[in-house]
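Need coordinates for the below:
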Amino acid sequence: MLYQFEFRTYQRKFKRPLRTSHGIWDIRSGIILRLFGENNQIGWGEIAPLSWFGSESFEQALDFCNSLSGNISSEMIFAISGELPACQFGFESALSNSRSPLNKGGHGGTAPTKGGTRNILKVPLIKGDLGGSRLRLKSTLIAGSVLRSHQSRKGGRNILKVPLIKGDLGGSRLRLKWTLIAGSVLRSHQSKEVGNEEEKNRFSGLLPAGETALQVLQVLWLEGYRTFKWKIGVAAIEQELNIFQQLIEAMHNLCDRESAFLRLDANGGLSYSQAKTWLEACDKVKATPDFSADIEFLEQPLPVTQFQEMVELNAIYATPIALDESAANLDRIQECYSQGWRGIFVIKPAICGSPSQLRKFCQTHNIDAVFSSVFETEIGRQAALNFATQLSLNKRALGFGTDSWFDDNHSILDFRF
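Presented below is the predicted three-dimensional model:
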């Protein structure tokens, strides 16, 4: 099938720069894709490259999009080179959620019903969204696939009022508060609602490097997070070990008849001796009786080139090692698996490559995977979460607790089509 294809770039500035052993990251750049198919089908995708992690660069992804003639077929999408893993993910995601219009019972872009300027589209809401009610969508934006809306209550029914902006398909400004993607209504704000804390408990909250983590821990705890990820390998190891002790003690003190988990992420920035020091410190925590804070794993302690050393350390210490940069894309995951790795893989779907090929590999080998964000927008996030939910065999917290790193979560996207 042939699809019309449009794309727009975006930039999002972090509230505070993200510091890792790779350096400082202050702006997330990416590309939003829109596919138009037959019968008003619309598919949305996102290309969110991370070149320093192993994907193509933003410039390479943009060059690829510019090389297309405005049309792309499903055959072309599945033939995208593995050297463009973020493009593979973005285009396959857009294709997968464009195939079945929602008003036919599928999970793709919807087509507006007839009725002039006050179109009403009744959509059966997926279980769990806004209490399982039906939605009445007034005036759909872009064939109902993306909605700008707010919620009101009338007679016990949830109503989404969607003002139709003049020129929606001809260059109007698009601001997403609520997003209808792949058949789900996604909240893109941090409101306190029933089930919100339970939802946060599904995710791990990302703590900043350094002492600031101690303050952010308190905030994320109140929001419902019970699994946390902390970047290490950024400052001197003595300083970070001191903060580490304060951090786990603070987590223990916050716990009330429940457990909390900490993930340490070195982004390949430790030496072999430093990795051993960290693993010894983690093992001491795990061996402490009646201590509520536990270390879930040490993520990518060594560079990708030191794979065998990580295999050795994983066999020696009680604290597991998780591969991250070493598992940056499907080719690397397959290589590590073929070399005998049966430990934890941290998989970032948005830069890992073809979702269909990755799904087949994960289902065939039943790998222990932790799925994680690359700070994509709601479009890429939902596609990645759909994928992660299907394949999270061990029910580990998903690494998507990143909302607090941006100021624009109330208007996730602001661009022109």
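
mind checking the longest strand of this structure?
Longest strand in the chain by number of residues, with DSSP state E as the criterion: strand 2-20.

Any buried residues in it, and which?
For strand 2-20, the neighbour count (16 or more other CB atoms under 10 Å) marks Tyr3, Phe5, Phe7, Tyr10, Arg12, Phe14, Leu18, Arg19, Thr20 as buried. Placement of C-beta: from N, CA and C, glycine included.

Got phi/psi on Ala209?
When read as degrees, to the nearest 10, the backbone of Ala209 gives phi -70, psi 160.

hang on, I meant Gly399
phi -80, psi 60.

Read off the pLDDT value for Leu102.
Note on Leu102: pLDDT of 40.

contacting residues for the residue nearest in space to the middle of the chain?
In the chain, the residue lying closest to the centroid (CA atoms, centre = their mean) is Ser373, at 3.1 Å. Each residue near Ser373 by CB atoms under 8 Å, 6 or more residues apart in numbering is listed here: Lys348, Ala350, Arg381, Ala384, Gly399, Phe400, Thr402.

got the contact list for the spatially closest residue to the fourth one that is not a sequence neighbour?
In space, not counting the residues next to it along the chain, Ala384 is nearest to Pro349; the distance is 4.1 Å by CB to CB, 6 or more residues apart in numbering. Pro349 sits next to Phe89, Pro355, Leu358, Phe371, Ala383, Ala384, Phe387, Ala388 when contact means CB under 8 Å, 6+ apart.

Quick one: the residues you listed as TSV, columns for neighbour count too.
Output for these, formatted as TSV (neighbours: other CB atoms under 10 Å):
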residue	neighbour count
Phe89	33
Pro355	23
Leu358	24
Phe371	24
Ala383	26
Ala384	29
Phe387	22
Ala388	21
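
Confirm that Arg381 sits in a strand.
No. Secondary structure of Arg381 (DSSP: H, G, I helix; E, B strand; the rest coil): helix, not part of a strand.

I'd assumed Gly401 was in contact with it.
No. Between Arg381 and Gly401 there is no contact under CB atoms under 8 Å: 11.2 Å.

The residue nearest to the centre of the chain - nearest residue in space that isn't next to it in sequence?
Phe400 is the one closest to Ser373 (CB to CB, 6+ apart), at 4.6 Å.

And for that neighbour, the neighbour number?
Neighbour count for Phe400, taken as other CB atoms under 10 Å: 20.

do the same with Gln239
Using other CB under 10 Å: Gln239 sits among 12 other residues.

Helix or strand: which one has it?
Taking DSSP states H and E as the definition, Gln239 sits inside helix 237-254.

Check which helices and strands that helix is in contact with.
Packing partners of helix 237-254 (3 or more CB pairs under 8 Å, 6 or more residues apart in numbering; DSSP states H and E): helix 212-223, strand 227-231, strand 260-265, helix 272-286, strand 293-299.

Can you lay out those as TSV showing mean neighbour count, distance to Glu38 and mean pLDDT?
Output for the helices and strands packed on helix 237-254, formatted as TSV (neighbours: other CB atoms under 10 Å; distance: least, CB to CB, whole Å; pLDDT from 0 to 100):
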stretch	mean neighbour count	distance to Glu38	mean pLDDT
helix 212-223	16	43	94
strand 227-231	24	43	95
strand 260-265	23	44	96
helix 272-286	17	54	98
strand 293-299	23	44	96
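
ranges for the strands of the stretch 251-400 of the chain?
In the stretch 251-400 of the chain, the segments counted as strands under DSSP state E, counting those that start in this stretch are 260-265, 293-299, 321-323, 344-347, 368-371, 398-401.

Mind giving me the packing neighbours of the fourth one?
Meaning strand 344-347. If contacts are counted by 3+ CB pairs under 8 Å, 6+ apart, strand 344-347 sits against strand 321-323, helix 330-338, strand 368-371.
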